[in-house]
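A.B. asks: Got a predicted structure here, sequence first:
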Amino acid sequence: MTTPTPKPDAVLGTDAPVVTPTEPIAALERKRDPERSNWRIFFEKPTTRVFIPVLVFFVLLSAFGPLFVGDPITAGFPKLLPPGSAEHVLGTDHLGRDFLARVINGGRVSLLVGFSVALLCMTIGLVVGGLAGYFGGIIDTVMVKVAEFFQVLPGIILALVIAALLGANVVFIVIILAITMWPSVARIVRAESMRVSQLGYVESAKAAGFRGLRIIASDVIPNVMPPVLVATTMTVGRAILIESGLSYLGIGDPSRPSWGALLNSAQSYMRDGWWLALFPGLCIVLVVLAVNMLGDALNDSFNPTVGRVK
Amino acid sequence: MSASQVAASPLLEVSGLNVVLPTGRRSEVEAVRHVDLVVRDGERVGIVGESGSGKSVTGRAIAGLLPTSPLVRVTGSIRFAGREMVGAPAEDWNAIRRERVGMIFQDPLTFLNPVMRVGRQVAESIPLSRVGGDRRAQLTAVHEFLAQAGLEKVEQVANSFPHELSGGMRQRVLIAIAIAKTPALILADEPTTALDATVQQRVLDTLDRTVADLGTAMILISHDLAVVAGMTDRVYVMYAGRIVEEGTTEQVLQDPQHRYTQALLQSVHSITEPDTELYSIPPSLRRELNAEADHAS
Amino acid sequence: MKARLVYYGRLLLSSVILFIAVVTVLFFLLELAPGDSIQALVGDVPLSEDMRERLTIIYGLDRPLVERYLTYLGNVLTGNLGLSVGTNNEPVLDIIATRIPNTLALAIPSFLISTTGGIILGSIAARTRKRWLDGGISGLAVGLFSVPNFWLGMLLILLFSITLGWLPTQGKAPFGESGIDPRYAILPIITMATTELAYKTRIMRSSMIESLGQDFIDTARSKGLTSSQVLWKHALPNALLPMVTISGYSLGMILAGSALVERVFGWPGMGLLFIDSIDRQNNMVVLGIVIVLTVTIIVVNILTDIVYGLVDPRLRARFTPKKKEVVA
């Protein structure tokens, strides 16, 4: 058989608009609504609309609140005043300190830790995970081993030991938490970057001569971002929860108590000071819930599960 | 209905079938457009078309196996022995599927439950009531149907899990599952596409034989004209959700009337005949056909 | 058979290596502790010269680093976790051993409750058509997942013990009694189980949804099976597999979180011992507990692997060669 020379007509695509030739049906696809970008979908969800304000509220409260409330540190009178009075909206604690001030200042620490850890995890995760997914080999193995290590020695335990032996301060806690939590972000980055590197345009970028790092930066990372954002968002929640656990157990800077530390003091006064236990915990729940719901909403906006429900 | 009318009532009568499927968060496609088809007892009918032509969707609609999302819309009429099934409640569909319609799917690996033994999966097609409530009779029946589907050492096979069998064997299990309910109609959706070329013909032969032995009607859905040519009496050609041509298999293959069928045959011939230039369906033809399809809906 | 030995041999080897890595990290953390290393071992118990000398000899503190490390490692591997200096020189392992049953008395019921509850709720949420039910269960799961479980414990105490007076607040049994009084265990178990319950509900739900989307569900439906039959016989067994995988991780989380819960309720288990020892800088005990925890988690992981290998028929056969083709 002689090698056929395809006529222009027969080479699909040369004289026609690109319609995936094996899907005549797809050409007739009708959109029920004009296609919206995933970000628009995200911002139009009712969940998002409820919880972004919640998160923003707490961030602003922690950032600027301390300027407007009283002194959270100096002891005073009256002690253990229940909430509801004009002077002390949330009452006072066992040392007579205004509880609203304590809570708002506590928020600063909790949120700072949460966001710092998440950002660190995202950075480390992107770098290591991206390299592991793209190059594979040793980096990959190392990553897996580190993840295994922290599964066997849970982060919270390691943080407790380190804090016990070496003393505790906020920076330490942030670093320790970041070290124990980055593998879960990196795993996602790795999976996504492996998936992306299978796609066609990475191959063509390689063929065009772009080197590894350039490809990673311009092609892999933008595609990897949505699931990474989701994972980072969830990390904020987890970090806040772990930090609150640590400070509840007494690990932390006594002069800058986080919400967990407030709960630590509240433990001994549950009978006479129920509000000391209620409000810090409530704040933790609201922030973590907001962050988790937003993470779910992000996840839903960027990879929805369509149709195939049987 | 008079006796002659009842007798004349075909096994399956589809008219004006329309199926709309969701294809994304906010988009949908009319996958099947005004399809009419008829199958009589014992008849063998083929539905041929490229992927995306709507042939599989049509098959699933007939078996009632479309996704159950509320975004899926089915309109028109599907009658089994005169009984209207579109809009019928789930119990009716389940009854039809239990006794009258069997379906053979494309990829036997994913279409068999990986954690359930094969014999048990076949047994599910054989209700105990049919074998007098006796489990051993049911097991015997399972072995019989596996044998009829061309498998040897049926006890061993029945005891195995799907991943322990080869592709050809798994497809035969799917055949056994379909025939075990002694249906009036078998729908085979691309039954050999996922198999090795060497195994395909043998499985097709088995399918051919079992259908002949049981006297069931068959709808064979395939993109492969050769497969359909050898096994069907009549054929429907589909493109973009519409039936563009129908007739006896011989007629349609020797003397196609519609330009699409002609183009399809030409491209097949260009592969099988030596010294012919490779022919693909030109985009211009597709645009025409797409426009027609759009208009018609 | 040989393949099986190789596989489990490798698993065991990597587990041992992991364990050694943990012990090494702990050892070097101990080394890094500021101040006097003997004091670090002993905590805030004052030392006489005599004690100092004896401890120096016992722990070989005048030996070079590597030798000390190897001695420590050797000790650990043979079950010698050192002595708790603060309390009559009892062996650390013995002290821990008395406390473990208390923690397990909470951990095991929590594990069972969270697993069963997660399977049931997750399945319901995945399968139901009623959006409010799915939304409700999923919402509850996210909500509980966002609550620090020790705070939940405090709330439960506030509600049931302090306000309503139904249940006691602290301890595991009335004062002076040994053994465990169930009334005392209720709130701690609920507290411990909650976060895990939420987590498992989410996992089960998505696992079930994925299972229901598989092709073999089509085959099951094509046999005319009712949707209940399809769910129970086909979807559920497949959906349960990931639950097995995470159960090892879950038990580890429960044990790690026991420190928090035990503190809230004053429950004398391993977790409370851990915290007390940290407070008193009784570091041998601290390390001892971490080591015991690590070993437990490693063992649970290996068991999970074995169980999963038995439960998934695709893996059951991974050690046997593929069956010969039996073709007609």
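C.D. replies: Noted; the coordinates are in hand. Numbering: from 1, shown residues only, chains lettered A, B, ... in the order given.
A.B. asks: residue ranges of the helices in the chain, please?
C.D. replies: Unless you meant another one, I'm taking chain A. A:24-27, A:38-44, A:46-68, A:99-135, A:137-152, A:155-166, A:170-198, A:200-207, A:212-215, A:221-248, A:259-266, A:274-302 (DSSP state H).
A.B. asks: Not quite, go with chain C.
C.D. replies: C:2-32, C:37-42, C:49-58, C:65-77, C:92-127, C:131-145, C:149-156, C:182-212, C:215-222, C:227-229, C:236-265, C:270-279, C:283-311, C:313-316.
A.B. asks: how about a markdown table for these, with distance to residue B:262 added?
C.D. replies: Placement of C-beta: from N, CA and C, glycine included. Formatted as a markdown table, the helices of chain C follow (distance: least, C-beta to C-beta, whole Å):
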| stretch | distance to residue B:262 |
| --- | --- |
| helix C:2-32 | 57 |
| helix C:37-42 | 90 |
| helix C:49-58 | 96 |
| helix C:65-77 | 80 |
| helix C:92-127 | 49 |
| helix C:131-145 | 50 |
| helix C:149-156 | 71 |
| helix C:182-212 | 43 |
| helix C:215-222 | 35 |
| helix C:227-229 | 45 |
| helix C:236-265 | 47 |
| helix C:270-279 | 79 |
| helix C:283-311 | 56 |
| helix C:313-316 | 47 |
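A.B. asks: Mean pLDDT, mean neighbour count and distance to chain B for the helices of chain A - can I get that in TSV?
C.D. replies: As requested, these are exported to TSV (pLDDT from 0 to 100; neighbours: other C-beta atoms under 10 Å in any protein chain shown; distance: least, C-beta to the nearest C-beta, whole Å):
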stretch	mean pLDDT	mean neighbour count	distance to chain B
helix A:24-27	58	22	4
helix A:38-44	83	14	7
helix A:46-68	90	14	16
helix A:99-135	88	23	27
helix A:137-152	84	16	26
helix A:155-166	82	22	35
helix A:170-198	83	21	20
helix A:200-207	64	12	20
helix A:212-215	63	14	29
helix A:221-248	89	23	15
helix A:259-266	92	26	38
helix A:274-302	91	22	9
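A.B. asks: wait, which of those is closest to residue B:99?
C.D. replies: Minimum separation from residue B:99 across these (C-beta to C-beta) falls at helix A:24-27, 32.2 Å.
A.B. asks: who touches the most centrally placed residue in chain A in this structure?
C.D. replies: With distances taken as C-alpha atoms, centre = their mean, residue A:233 lies nearest the centre of chain A, 2.0 Å away. Taking C-beta atoms under 8 Å, 6 or more residues apart in numbering or on different chains as the criterion, residue A:233 is in contact with A:118, A:291-292, A:294-295, A:298.
A.B. asks: Can you verify my assumption that residue A:104 contacts residue A:71?
C.D. replies: No. If you go by C-beta atoms under 8 Å, residue A:104 and residue A:71 don't touch, sitting 11.7 Å apart.
A.B. asks: Get me the contact residues on the stretch 1-150 of chain A for chain C.
C.D. replies: A:148-149 (C-beta under 8 Å from any C-beta of the partner chain).
A.B. asks: between the helices of chain A, which gets nearest to residue B:190?
C.D. replies: helix A:24-27 (16.1 Å).
A.B. asks: just to revisit the earlier point, now the helices of chain C in CSV, with mean neighbour count and distance to chain B?
C.D. replies: Formatted as CSV, those follow (neighbours: other C-beta atoms under 10 Å in any protein chain shown; distance: least, C-beta to the nearest C-beta, whole Å):
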stretch, mean neighbour count, distance to chain B
helix C:2-32, 14, 16
helix C:37-42, 19, 53
helix C:49-58, 12, 56
helix C:65-77, 14, 40
helix C:92-127, 19, 11
helix C:131-145, 16, 11
helix C:149-156, 23, 34
helix C:182-212, 22, 10
helix C:215-222, 23, 4
helix C:227-229, 14, 7
helix C:236-265, 22, 5
helix C:270-279, 22, 37
helix C:283-311, 20, 8
helix C:313-316, 14, 4
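A.B. asks: Out of the ones you listed, which is closest to residue A:257?
C.D. replies: helix C:149-156 (15.1 Å).
A.B. asks: ok and that closest one relative to helix A:221-248, angle-wise?
C.D. replies: 50 degrees (axes from the mean of the first three to the mean of the last three C-alpha atoms, to 10 degrees).
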